[in-house]
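>>> Quick one: sequence plus predicted model below, questions after.
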Amino acid sequence: MAGRKKRSGWTFKDELELLEKWEARSHDLRRAKRNAHIYNEISQEMAQKYTAEEIHCKVKNMTKKYREEKTKIGPSGGSPSPWKHYNAVNRIVGCTAVNSALYIETYSYSENSTLNQLLPPSDP
């Protein structure tokens, strides 16, 4: 494992700062086809504590965690997510079409699977 880079340790304060900068740039990140320059700018704004690649990875991981939490909650809202950044990430990516469509598709699929298991087999 000589080629692997050590994980960067994100403090809670640094995560909050990233969320603030991500929210401010969310429109630019969605609009730009190539957005490495935006992650570079965020890195510079954060005093280069983290590289642009580390910031991009953290954003992807937070988005993935958000989708997992949203699926757990379900369409009725259920109990609130225990994840400390859920509301902040929801403000940033919750209204995007891809997250809404993914959620609806995931829920519809699981609902239909459950429904199909409950129904008796139909005769041909």
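Yep, that arrived. Treat the numbers as computed from the prediction; the structure is a model and nothing was measured.
>>> Excluding chain neighbours, what is closest to Leu29?
Asn35 (5.2 Å; Cβ to Cβ, 6 or more residues apart in numbering). Where you see a C-beta, it was placed from the backbone N, CA and C, and this is true even at glycine.
>>> Can you give me the distance of that neighbour to Glu45?
15 Å (Cβ to Cβ, to the nearest Å).
>>> What pLDDT is listed against the closest residue to Glu45 other than its chain neighbours?
Of all residues not flanking Glu45 in the chain, Lys21 sits nearest, at 5.8 Å (Cβ to Cβ, 6+ apart). pLDDT for Lys21: 97.
>>> Now name the helix or strand holding Lys21.
Using DSSP states H and E, Lys21 sits in helix 12-31.
>>> Not counting that helix itself, show me its contacts.
In this structure, residues lying in contact with helix 12-31 by Cβ atoms under 8 Å, 6 or more residues apart in numbering are 10, 35, 38, 41-42, 45-46, 49-50, 55, 58-59, 62, 84-85, 88-89, 91-93, 96.
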